[in-house]
Structures are given as C-alpha cells and as structure tokens.
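>>> What follows is a protein structure lacking sequence information:
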C-alpha cells in the first residue's frame, strides 16, 4: 500500500508543480504552505487528464501493452483478454518495474518540497532526474541521434556544457525506442502461432476441406500450446527482465 501511495503521489505532485510555478510567477512570491496548497489544488484537477500521457512518455508501459496486443492478435482472439485486462496488467507491471524510480523521485524531490525544504524549481529537477536516468539506460543511441540532428537542423541547442541531452529530446527518443522493442518482442512471440497456423492450414487443404477456415481449427491448438508452456509466466517474466 505504501508503494502504491508513493506511485500516485509522485505523479500527482510531478504534474502539479508546473501549475504551482506558473501561479507563483503570476501571484508573486508565496510561502511553502501556500505552494503546497497550490500543488494539491491544481494537481487534483489535472492529474486524471495528464497522468496517462506522463505514464506513456517516461515509463516502459508502451512496451508491455504493445506485446500483449500482438500476443492476442497472434493467438487469433479478438476481445479476449479484454482491453481493460491487458491495460491493467501493463499498468501494474509498469508500477512494479518503475517502483525504484518512483521511490527515488518521491524521496529526493516531492517530500522535501512538501516539507518546505526546497522550492518548486529544485523539486522539479530532483524529481525528473530518476526518470532521466531510467530513460537514458533504455533509449537507443540511434534514436537520440535522430532527434538531436533534427533539433540542430532547426537551430536548437539540445545539450548543455556537460553533454547532458535536453529532456525534450530524450522523451521522444525514448518513446520510439520503447515502441521498437515492443514490436521486436511481439514478433518473437507471434512466430510460434504463425507456425501452428501454417501447419493446420496445410493439413486442412490436404484433406480437401476448402470451405473450413483454418483459423477455426488452429485456435484451440494455439490456446492449448500457450497454456501448456505456461506462456503468461514466461512472457511476463521476460518482459520485466528486458527492462534495464
């Protein structure tokens, strides 16, 4: 329960701090207590709308949900498991994988802000750093190079004097890296089911049953195969291990 509260509160405060900083600029200097109230107010109003986008941008959620969707299509099931099951499983797997990052962001950025030990700008920098480290470990150099090159073509400076890449470049590069990995893993997952489809189609055609769709015959065999090898255990375990 503590980890779940940390997960929710971290996203809540992370997305609200921008609104708090804007209010401070408009209303003038405010105390730590007022800043905390602003964070709670604006966070409560915006977290439901912004949280899904933040979740997709800076976590491994896209990788998980893409693989599960390809798995369902490879088996040949249209709506089983239901979308809410696949999304919920992806969400809680993301929470499981990202727990160390979220704990670090909470302890170094959000807690000191709530205790009035640091200001909003410092809290934002400390909160984003654990996510930056996670993305840098999982992003491809080729994707970073693509967005760096595009930014330079537009006359934008995306690196500081220490060579740290701007977060505006890192996030889109990380997203396309995660999408690519999702499709790579999905391709390997769907191959056994494709082999089953080919074998069943060959047998059905050889028996002269032209009017019988091979997918109708192969579906029970694909489900049986996936259950017999304990597919969910293998797939989920390897997906979690694939995240650095």
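That came through fine. Every value quoted in this text rests on a predicted model; they were computed, and no experiment measured them.
>>> Now do the SS call for residue 216.
Three-state assignment for residue 216 (DSSP: H, G, I helix; E, B strand; the rest coil): helix.
>>> Hmm, residue 126 and residue 112 touching each other?
Yes: the pair residue 112 and residue 126 qualifies as a contact (C-beta atoms under 8 Å) at a distance of 7.5 Å. C-beta here means a position set from N, CA and C on the backbone, and glycine is covered the same way.
>>> what residues do these two have in common as contacts?
The overlap between the contact sets of residue 112 and residue 126 (C-beta atoms under 8 Å, 6 or more residues apart in numbering) consists of residue 118.
>>> between the two, which one's more packed in?
Counted by other C-beta atoms under 10 Å, residue 112 and residue 126 do not tie: residue 126 has more neighbours, with 19 against 16.
>>> List the contacts of the more buried one.
Contacts of residue 126 by C-beta under 8 Å, 6+ apart are 105, 108, 109, 112, 118.
>>> What ranges does the chain have for its helices?
2-27, 32-58, 61-75, 83-105, 111-114, 120-138, 141-153, 167-206, 214-228, 231-242 (DSSP state H).
>>> from the contacts of residue 126, which is closest to residue 67?
residue 105 (25.8 Å; C-beta to C-beta).
>>> Can you check the pLDDT for the closest residue to residue 170 other than its chain neighbours?
Distances taken as C-beta to C-beta, 6 or more residues apart in numbering put residue 135 closest to residue 170, at 5.4 Å, once the chain neighbours are dropped. pLDDT, residue 135: 86.
>>> switch to numbering from 41
Done: numbering now begins at 41, and the last item shifts to residue 175.
>>> in this structure, which residue is closest to the centre?
Of all residues in the chain, the one closest to the mean position by C-alpha atoms, centre = their mean is residue 101, 2.4 Å from it.
>>> Could you double-check that that residue lies in contact with residue 130?
Yes: with contact defined as C-beta under 8 Å, residue 101 reaches residue 130; the gap is 5.7 Å.
>>> Residue 240: which of the contacts of residue 166 is nearest?
Taking the contacts of residue 166 together and measuring to residue 240 by C-beta to C-beta, the closest member is residue 145, at 49.5 Å.
>>> quick one: the closest one and residue 164, what's the gap?
Per C-beta to C-beta, to the nearest Å, residue 145 is found 10 Å from residue 164.
>>> higher neighbour count, these two?
Legend: neighbour count by other C-beta under 10 Å for residue 145 and residue 164, higher for residue 145 (25 against 19).
>>> I'd like the contacts of residue 166 laid out as TSV, including distance to residue 97 and pLDDT.
Formatted as TSV, those follow (distance: C-beta to C-beta, whole Å; pLDDT from 0 to 100):
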residue	distance to residue 97	pLDDT
145	14	80
148	20	80
149	17	76
152	24	78
158	24	74
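>>> List just the nearest of the residues you listed to residue 187.
Distance to residue 187, by C-beta to C-beta, is smallest for residue 145 among these, at 23.5 Å.
>>> Need the outlier residue of this protein, farthest from its centre.
Largest centroid distance in the chain under C-alpha atoms, centre = their mean is residue 248 at 47.2 Å.
>>> any chance of the contacts of residue 166 in a markdown table, with distance to residue 171 too?
As requested, these are exported to a markdown table (distance: C-beta to C-beta, whole Å):
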| residue | distance to residue 171 |
| --- | --- |
| 145 | 7 |
| 148 | 12 |
| 149 | 10 |
| 152 | 17 |
| 158 | 18 |
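>>> contacting residues for residue 182?
No contacts exist for residue 182 under C-beta under 8 Å, 6+ apart.
>>> That's all I had, so thanks and see you.
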